[in-house]
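**Q** 3D model of this:
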Amino acid sequence: MICLYSCCFLFIIILSCKPDKAKKQVTDNVVPELISASGFPKNWIGCWKGNIKIDNLEKDTVIQIPMSLNISTTERSGKWNWQLVYNDSPRDYELIAFDTPNGHFKLDEKNTIVLDQQLFDNVFISRYDVAGNLLMVTNRLIGKEMLFEVIFSRSDTVNTSGGKGEVPLVKSYPISVYQRAVLNKE
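**A** Alright, predicted model coming up:
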């Protein structure tokens, strides 16, 4: 059993490693293979609207508010306007193509914060830690709908297990807030 855990752990590490390549920002063009595989940007451009449901276990509350995601082209190749609107309060960002052959984009919040975004098929994923809070945000295009999700945990609320013998130490972070919206293109 210990050997099985070690082999699985080693397999995961091997899959996540890549040879180091010089990465450069790609803004002059978007690789056609990425566009055809994910439908980005063609299928993503537009105004997506719906309601977001926010389940907060820490406060024992569930609220629902209107939200929209507006994605539009800019005059600069490899850059798109990415505007989130919650309760009529807009947040203007810019999505920047960075390493398109690998689906790597950056979301510039225009306040010195720049978040990595990874495009896998039809899903943009970003994961970050802000002020001790771990967030994972996904935008998934499913047919004519977009599923927007935010998963939130506190980095200081950690449960550990394993770590004995050849079994690796595993840290898990309980989810305290889950946000979900199904957005429709207008």
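
**Q** per-residue confidence averaged over stretch 111-124?
**A** For stretch 111-124, mean pLDDT is 96.

**Q** And for stretch 86-101?
**A** Stretch 86-101 shows a mean pLDDT of 95.

**Q** Likewise for stretch 169-185?
**A** 97.

**Q** buried ones in that stretch?
**A** If you call a residue buried by 16 or more other CB atoms under 10 Å, then stretch 169-185 has these buried ones: 176-177, 179-181, 183, 185. Where you see a C-beta, it was placed from the backbone N, CA and C, and this is true even at glycine.

**Q** do stretch 96-106 as well
**A** Neighbour counts over stretch 96-106 (16+ other CB under 10 Å) mark 96-100, 103-106 as buried.

**Q** Repeat that for stretch 139-149.
**A** By neighbour count with 16+ other CB under 10 Å, stretch 139-149 contains the buried residues 139, 141, 146-149.

**Q** closest to residue 38 among these?
**A** Ranked by distance to residue 38 (CB to CB), these are led by residue 141 at 7.9 Å.

**Q** Roughly how far does the residue with the largest distance to the centre of the chain sit from residue 40?
**A** Here the chain reaches farthest from its C-alpha mean at residue 165, the gap being 34.8 Å by CA atoms, centre = their mean. The spacing between residue 165 and residue 40, counted by CB to CB, to the nearest Å, is 45 Å.

**Q** got the residue ranges for the strands in the chain?
**A** For the chain, applying DSSP state E gives strands covering 46-56, 61-73, 79-86, 89-99, 104-108, 114-120, 123-130, 133-142, 145-154, 159-162, 169-172, 175-185.

**Q** Look up how far residue 70 lies from the residue nearest to residue 90 when sequence neighbours are not counted.
**A** Nearest residue to residue 90, sequence neighbours excluded (CB to CB, 6 or more residues apart in numbering): residue 83, at 5.6 Å. Separation of residue 83 from residue 70 (CB to CB): 4 Å.
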